[in-house]
Structures are given as C-alpha cells and as structure tokens.
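*Asks:* sequence unknown, structure follows:
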C-alpha cells in the first residue's frame with residue numbers, strides 16, 4: 001500500500017508500451033511483463049528507475065537477473081550447498097554467485113550514500129530499513145496501527161550493517177521478481193481464454209475508477 005504510487009507509475013509505462021504493440025501482431029508477453037516486474041521491484045526495493053521496459057538490455061537488468069539463469073554448474077553448486085552445507089563450506093561454494101553479491105552490496109551502498117547526501121526520502125523498502133536502522137521502528141499511518149500491533153514481533157537485537165541491508169534487499173528482489181512475473185503472465189493467459197471473465201474484470205475496474213476518480217490500493 002505504501003509503495004502503490006511506484007507500482008502505478010510502472011504500470012503507466014506498461015500501458016504505453018502495450019498500446020504501441022496493439023497492432024495485431026504476435027509478441028511475447030512474458031518478456032514485457034518480466035521488464036515490468038523488474039521495474040516495480042527496482043523501484044519498490046531500491047527506489048531506482050531501472051527503465052527495463054524502455055531498455056530491456058540495460059546493464060542493471062542483466063546483472064540483477066543473473067541469479068535466475070541456471071546452468072549445470074550452478075545447479076550442482078546449489079544442490080551441494082543445500083544438501084551438504086559442511087562440504088560446501090569446505091569447498092568454499094557459495095549459494096549466490098560472488099559477483100551477484102558484490103553487485104547488490106555496491107548498489108545498496110551507493111544508494112544509501114546518495115540518500116544521505118541528498119536527504120531524499122521515498123516510500124520504498126529501503127526507506128523502511130533505514131527507519132529501522134536509525135530509529136529502531138517503522139513509522140506508519142494511524143489506520144495501520146492495529147495491523148502492526150497484531151503482527152508477530154521479536155525483541156532480538158539486529159545490527160543493521162550495509163551488508164545486512166543489502167541482504168534484505170536481495171531477498172526482497174528474488175522473492176518478488178520471478179513469482180510476480182509468473183503470476184501476472186498466467187493471469188493474463190487465463191483471462192485471454194475467458195473473454196466473459198475478462199469483460200467482467202474490466203467492468204469492475206472501470207466502475208472503481210469512475211467511483212474513486214483513479215485506481216488506488218483501496219479501490220482495488
């Protein structure tokens with residue numbers, strides 16, 4: 001909810017792109033949605049405008065998505081790391097490619113430095129982590145108080161190093177990117193097979209837009 005404006009901005013770019021593609025020719029929707037999902041995660045996690053939808057081959061997207069490209073060696077390394085962690089430690093096998101780890105650590109540090117120097121704040125995951133690091137708690141709206149109070153909590157003290165922040169952002173990225181992309185693609189496929197359901201969904205969205213003036217988290 002806190003990051004809905006970022007998602008909405010990425011969606012506007014997606015709609016522009018789809019309008020350009022609406023010529024009757026076939027195209028791979030997964031590639032488009034993959035770039036859309038990447039833009040959302042980059043914006044909501046790091047507060048960055050990745051522009052993957054406008055430039056799918058940019059270096060940021062190439063490096064960040066290397067984690068999802070599995071080779072035989074990567075699968076063997078991951079299997080050994082999961083099943084035989086002690087052996088993996090002896091062989092110095094890392095579950096995550098060191099280059100990927102270095103990339104996300106560097107990206108996190110550069111983003112942190114930029115925010116400290118500029119004083120800019122954004123509604124994103126990194127800002128939540130910074131609040132936890134600096135204040136020990138996250139600021140939230142009054143209507144969200146009950147959700148926070150009823151959530152599981154712990155008194156365990158955590159040291160918020162730059163590496164810890166990078167790890168949390170990386171987990172946010174891998175947990176959100178591929179599952180979200182796959183979910184949207186299969187949803188679009190299901191809707192394409194059911195024109196009546198597609199029309200009903202569109203009618204409900206248009207009614208919500210007419211009632212609230214625009215599509216918001218609450219209207220959805």
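*Replies:* Received the coordinates, thanks. Note that the structure is a prediction, hence the values are computed from the model and not measured.
*Asks:* all helices for the protein, in order.
*Replies:* Ranges of helices within the chain are 4-21, 29-41, 59-64, 72-83, 85-90, 98-118, 125-135, 145-150, 162-193, 195-212, based on DSSP state H.
*Asks:* need the least confident one among the ones you listed, by mean pLDDT.
*Replies:* Comparing mean pLDDT across these, the weakest is helix 145-150, with a mean of 48.
*Asks:* returning to what we had before: out of the helices of the chain, which is closest to residue 51?
*Replies:* helix 29-41 (7.1 Å; Cβ to Cβ). Bear in mind the C-beta positions are built from the backbone N, C-alpha and C, glycine included.
*Asks:* what's the angle between the closest one and helix 162-193?
*Replies:* Taking axes from the mean of the first three to the mean of the last three Cα atoms, to 10 degrees, helix 29-41 and helix 162-193 form an angle of 140 degrees between their directions.
*Asks:* which ones are touching the residue nearest the centre of the chain?
*Replies:* With distances taken as Cα atoms, centre = their mean, the chain has residue 41 as the residue nearest its mean C-alpha position (2.3 Å). Residues near residue 41 by Cβ atoms under 8 Å, 6 or more residues apart in numbering: 172, 173, 176, 177, 180.
*Asks:* using CSV, lay out these together with distance to residue 89 and neighbour count.
*Replies:* Shown next, in CSV, are the contacts of residue 41 (distance: Cβ to Cβ, whole Å; neighbours: other Cβ atoms under 10 Å):
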residue, distance to residue 89, neighbour count
172, 26, 18
173, 25, 21
176, 29, 17
177, 28, 21
180, 33, 17
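*Asks:* with distance to residue 194 added, can I get those in CSV?
*Replies:* Listed next are the contacts of residue 41 as CSV, based on distance: Cβ to Cβ, whole Å:
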residue, distance to residue 194
172, 33
173, 32
176, 27
177, 27
180, 22
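*Asks:* and of those, the nearest to residue 196?
*Replies:* When the contacts of residue 41 are compared against residue 196 (criterion: Cβ to Cβ), the nearest one is residue 180, at 26.0 Å.
*Asks:* residue 39 is in contact with that closest one, correct?
*Replies:* No - between residue 180 and residue 39 there is no contact under Cβ atoms under 8 Å: 11.2 Å.
*Asks:* the most far-flung residue of the chain relative to its centre and residue 80, how far apart?
*Replies:* Distance from the C-alpha centroid of the chain, by Cα atoms, centre = their mean, peaks at residue 90 (33.5 Å). In this view, residue 90 and residue 80 are 10 Å apart by Cβ to Cβ, to the nearest Å.
*Asks:* who's in contact with residue 42?
*Replies:* With Cβ under 8 Å, 6+ apart, residue 42 has these contacts: 48, 49, 50, 52, 60, 64.
*Asks:* and the furthest pair within the residues you listed?
*Replies:* So, the contacts of residue 42 by Cβ to Cβ: farthest apart are 49 and 64, at 13.8 Å.
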